[in-house]
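**Student:** Return a 3D structure for these sequence lines:
(one chain, ligands or ions: 1)
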Amino acid sequence: MQTIMPDIADTAEALQTGTLDWVGMGNIELPLLFSSKGLSDITVTAKADAFVNLQNEQAKGIHMSRLFLSLDTLSCEQTLTPSTLKAVLESFVTSHQDLSNAAKVALHFELPLRRSSLLSGKQGWKNYPVTITASLIDNQFLLEIAVDVTYSSTCPCSAALARQLIQQAFTEQFAKQQLNFEQIHNWLGSTEGIVATPHSQRSIANIKVKLACDSQEFDILALINCVEHELKTPVQAAVKREDEQEFARLNGQNLMFCEDAARKLKALFEVSNYQDYYIKINHYESLHAHDAVAYAVKGLPQGYQA
Ligand SMILES: Nc1nc2c(ncn2[C@@H]2O[C@H](COP(=O)(O)OP(=O)(O)OP(=O)(O)O)[C@@H](O)[C@H]2O)c(=O)[nH]1
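**Tutor:** So this is what the prediction gives:
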């Protein structure tokens, strides 16, 4: 005879009645086959947060296992695309018919991409932290993708101050003598010639964009490429000396405060097809122990807030 197990989610009384905005699970370990335009489908090890609302005031709780098993089907039988993600949310709601009418899921993972060096033709792996968030609220499907892009920023103020010191060193060295090309050329190539260098820092742009609700595919590569192309100094994977020299040139030609980086990306996203955008720029200063930070959003009435 089969033993009937108690199911308190259905039978027990709630300690206190009331609705809840979101109930579910965080940090579910979930390998996924991620599909995105221009990339081979790739297995990523995601951490998932999965939720439904609880609109039944009397119910003891939601059925966590039903959310978990829907995600497991996505992991084992499907690839991660906008439509499979929407289907997961629909199954969250239909499996909680008397309890919930809204669902959301967030998938956090590192996406490894092959990146080319600046000049030498070498390649290497670079990991990008990605979060895909989707929700189904009032039958409206919302889809967004966030990525962190790491780059180098060289301080324009520090560069100007360094140039001044170089000018002063030049005056001290050459003011009282006839200028000689060979001598100046050699001096410029010495450490005395470059008496000061501006500080630069590893910096991160946190980017989030809202995709059209009828998107057929993710295109994370286009998003990362356009941000890196705009900033000009993304952190490199494979680096030979010619790449390092080119990186130094690019840094010198693209001096930027956090405001400059934020304005460049704002201008980029203003003319993009994304429904909304959120930018947070973090310059992890080497001059200070604190960070320089700038935010920008599209500014839609119901959109992202800075
Ligand atoms: N709702 C809820 N469940 C929890 C919590 N913590 C652990 N669980 C467990 O999640 C498990 C799965 O719950 P259900 O989805 O209702 O499992 P089930 O009753 O076997 O599944 P169904 O037959 O589909 O209802 C249960 O064993 C709960 O004890 C919590 O804080 N809230």
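
**Student:** For the ligand, what's the nearest residue on this structure?
**Tutor:** At 2.8 Å from the ligand, residue 61 is the closest residue in the chain, using C-beta to the nearest ligand atom. In this view, the C-beta of every residue, glycine as well, is placed from N, C-alpha and C.

**Student:** and the closest residue to that residue other than its chain neighbours, how many neighbours?
**Tutor:** Take residue 61 and drop its neighbours on the chain: the residue closest to it by C-beta to C-beta, 6 or more residues apart in numbering is residue 9, 4.9 Å away. Using other C-beta atoms under 10 Å, residue 9 has 14 neighbouring residues.

**Student:** what about residue 9, which SS state?
**Tutor:** Assigned state for residue 9: helix (three-state reduction, DSSP: H, G, I helix; E, B strand; the rest coil).

**Student:** Quick one: residues contacting the closest residue to residue 254 other than its chain neighbours.
**Tutor:** Sequence neighbours aside, residue 232 is the residue nearest to residue 254 in space, at 4.4 Å (criterion: C-beta to C-beta, 6+ apart). Neighbouring residues of residue 232 by C-beta atoms under 8 Å, 6 or more residues apart in numbering: 250, 253, 254.

**Student:** where does residue 232 land on pLDDT?
**Tutor:** Note for residue 232: predicted pLDDT of 98.

**Student:** again with residue 124
**Tutor:** Confidence score, pLDDT, at residue 124: 98.

**Student:** Just want the phi and psi numbers for it.
**Tutor:** The phi/psi pair for residue 124 (degrees, to the nearest 10) reads phi -160, psi 170.

**Student:** residue contacts, the residue nearest to residue 61?
**Tutor:** Applying C-beta under 8 Å, 6+ apart to residue 9 gives the contacts 59, 60, 61, 62, 63.

**Student:** So which residues on this protein come close to the ligand?
**Tutor:** Taking C-beta under 6 Å from any ligand atom as the criterion, the chain approaches the ligand at residues 7, 9, 61, 62, 63, 64, 65, 66.

**Student:** Swap in 8 Å and give it another go.
**Tutor:** Listed as neighbours of the ligand in the chain under the rule C-beta under 8 Å from any ligand atom: 5, 7-10, 23, 60-68, 95.
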